[in-house]
Structures are given as structure tokens and as C-alpha cells.
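Undergrad: Requesting a structural model of the entry that follows:
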Amino acid sequence: MIKDLVKIIGIISFFTAIGYALTYPYEVKFNGTDDIVLIEDYSNYNSLDQIINHPKLQNSILYITVWEPLKNVPVWFGRKDYEKRIEELTLKLAEKNEKDLQQRKKDSAQLNHLTNGKTTLVKDIIKFENYVSGLNSLYDNYNDKNVKIVFVDYPNTDSNRKADDIRKWKKTIQQYQIKGYHFLASPKLITDIREHIKAKDAKLFFPYRILVNTGEQYINYNAPAVILEQETLYKNLDILLNKENYDDTLSR
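TA: Prediction:
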């Protein structure tokens, strides 16, 4: 029986290796599309300022997501994010808008789960695929309005950016068609960004969300999320685009 088990494991390993060998060249060859820009020379970017000052991002509004896409796991939010979502839902339901009863039921159910500490529904909402869908919707709605969707992608491995890390990075982006500018992050870049975040909002976990207006020297280190706070995010972007007095208006 043990021999049979070893034989089965050997066969599985053999075909896994064959599959890897066949797909590796295809995955590594991916260099982006018109909607997906890959910037993999991580050695040139060791600070948030270097990202913001990239030539392709100048005179634009940037929505920057710092995360670990290779893990392909549900995207968790901190307590502040949940508190903001509870406040948003409470205000929305207080308006007693009866036009969309189905949406009102969903909002009410989500509020009940959040306020009672039952996050099952929220986990379903913010799993990786849905988070990516929200980011791509943001891209589709604002890409032609001078809003750049930027990703700082941190593989978080000990391999020092070996070729396989780059392959996995490209594979994830291609598989989920994550639109925007992708910077493959070095540990130095992540350390610099964490220092900025810690100084401003003390948020410990990914994803970090940073909203920047490069032409107006505006930066928000705890920008609204694309899933839990989509309405607020879109409103803030419209304010920035219309050059209103965002110091007094924007939600932070």
C-alpha cells in the first residue's frame, strides 16, 4: 500500500512538473496590455515619493493600493474601516429611501452583521475576486478622467525577487486582469510606505489605500475602500477632479 501511495505521489509530481514547464514561458512572457502597465524594475523605487513622482503619473490623481496579491486571499480591513462602514450604512438607512428595497435589505443585513460582530457576510463581500472587481470598476469609471489606478505589489517572500516571484506576480495580474499601473515592490519600498502610514493612521495591515493629487500636494493615507466605501471614494474623486475645497469636504 505504501509503495502504491509513493507511486501515485510520484505520478502527480511528474505531471505537475510537466505542467509547470509548459506554462512557465507563457506566464513570464506577459508584459501587460493597454490597461495593465507592469513596472518590475523594483530596484529603482525605494520610497513612496519615487512612486508618486514617476513620469507616467505626473499631474494626475492617484489611487494607490499597497497589498500582497500573490497570496490571493480575502482582503481584510481594520477596525477603522468597519467603523466607517457602520457609520455610512447607518446614515444611508436613516434616509428611508424606499426606491430600492432589495439594496436596502442588503445594507440592513450588512449593518446587522457588522454591529453584532458577525463578519461572515463581510468576508463574502471582500474576498479577493470581489475586491479586484471593485478596483477594475474604479478603473473603468475614472481612467479617462485623469485618475490613475496604481498598485504597489508586494510578493512578501524571502527569494529576493527571483524569477519565479516575477512569474507568479505576472500570472496573478494576468489571471484576474487587474487594470492599472503595477509596481513590483522591494522590501525597502514597503518599509518606507509603512512608516508613512504608521505616522498618519497607525494602520498595521494590508491593504493600504492612498489617495494623491500630484498637482495640488494633497495626500490621504487612509483613502476610502473600493468595496465598503465605494460611494464615498467616488465622491472624493469627483471633488478632486472638480478642484473644490477638498480640505473641508473630503472624507479622511
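
Undergrad: Can you check the distance spanned by stretch 223-235, start to finish?
TA: 12 Å (CA to CA, to the nearest Å).

Undergrad: mean confidence score for that stretch?
TA: The pLDDT scores in stretch 223-235 average 87.

Undergrad: Can you mark which positions in that stretch are buried?
TA: Under the neighbour-count criterion of 16 or more other CB atoms under 10 Å, stretch 223-235 has 223, 224, 225, 226, 227, 228, 229, 230, 232, 233, 234 buried. Every residue, glycine included, has its C-beta placed from N, CA and C.

Undergrad: Which of the residues you listed fall within helices?
TA: In helices, judged by DSSP state H, the following of the buried residues of stretch 223-235 are found: 230, 232, 233, 234.

Undergrad: Looks like the last one contacts residue 141 (just checking).
TA: Yes. Because the distance of 7.2 Å satisfies CB atoms under 8 Å, residue 234 is recorded as touching residue 141.

Undergrad: Show me where the stretch 1-150 of the chain has its strands.
TA: Remark: strands assigned in the stretch 1-150 of the chain by DSSP state E, counting those that start in this stretch are 36-39, 61-67, 147-153.

Undergrad: between those strands, which one is nearest to residue 46?
TA: strand 147-153 (11.7 Å; CB to CB).

Undergrad: average model confidence for the helix or strand following the closest one?
TA: Per DSSP states H and E, strand 147-153 leads on to helix 163-176 as the next helix or strand towards the C-terminus. Averaging pLDDT along helix 163-176 yields 86.

Undergrad: How about stretch 47-66?
TA: Mean per-residue pLDDT for stretch 47-66: 93.

Undergrad: Also stretch 145-157?
TA: Stretch 145-157 comes out at a mean pLDDT of 87.

Undergrad: in it, what's buried?
TA: 147, 148, 149, 150, 151, 152, 153, 154, 155.

Undergrad: list the contacts for residue 136?
TA: 177, 178, 179 (CB atoms under 8 Å, 6 or more residues apart in numbering).

Undergrad: that older thread, which one of the strands of the stretch 1-150 of the chain lies nearest to residue 167?
TA: Going by CB to CB, the one of the strands of the stretch 1-150 of the chain nearest residue 167 is strand 36-39, 12.2 Å.

Undergrad: which residues sit against that closest one?
TA: 30-32, 45, 54, 56, 170, 173-174, 177-184.

Undergrad: Please repeat the previous calculation with a cut-off of 10 Å.
TA: By CB atoms under 10 Å, 6 or more residues apart in numbering, the residues outside strand 36-39 that reach it are 30-32, 45, 51, 54, 56, 139, 148-151, 153, 166, 169-170, 173-174, 177-184.

Undergrad: Just checking: what are the partner strands of it?
TA: With DSSP bridges as the test, strand 36-39 is paired with strand 180-184 (parallel).

Undergrad: Just the CA atoms of the helix or strand following the partner strand, as CSV, please.
TA: Using DSSP H and E, the helix or strand that follows strand 180-184 in sequence is helix 187-200. Output of helix 187-200 as CSV, limited to C-alpha atoms (Å, rounded to 0.1, in the frame of the first residue of the first chain):
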residue,chain,number,x,y,z
PRO,A,187,11.2,45.5,1.0
LYS,A,188,12.7,49.0,1.2
LEU,A,189,9.7,50.5,-0.6
ILE,A,190,7.2,48.7,1.7
THR,A,191,9.2,49.9,4.8
ASP,A,192,9.0,53.5,3.6
ILE,A,193,5.3,53.3,3.0
ARG,A,194,4.6,51.6,6.3
GLU,A,195,6.5,54.5,8.1
HIS,A,196,4.2,57.0,6.3
ILE,A,197,1.1,55.0,7.2
LYS,A,198,2.1,54.5,10.8
ALA,A,199,2.8,58.2,11.3
LYS,A,200,-0.6,59.2,9.9
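
Undergrad: In helix 187-200, which residues are buried?
TA: Residues of helix 187-200 classed as buried by neighbour count (16+ other CB under 10 Å): 189, 190, 192, 193, 194, 196, 197.

Undergrad: List just the nearest of the buried residues of stretch 223-235 to residue 207.
TA: Comparing the buried residues of stretch 223-235 against residue 207 with CB to CB places residue 225 closest, at 8.1 Å.
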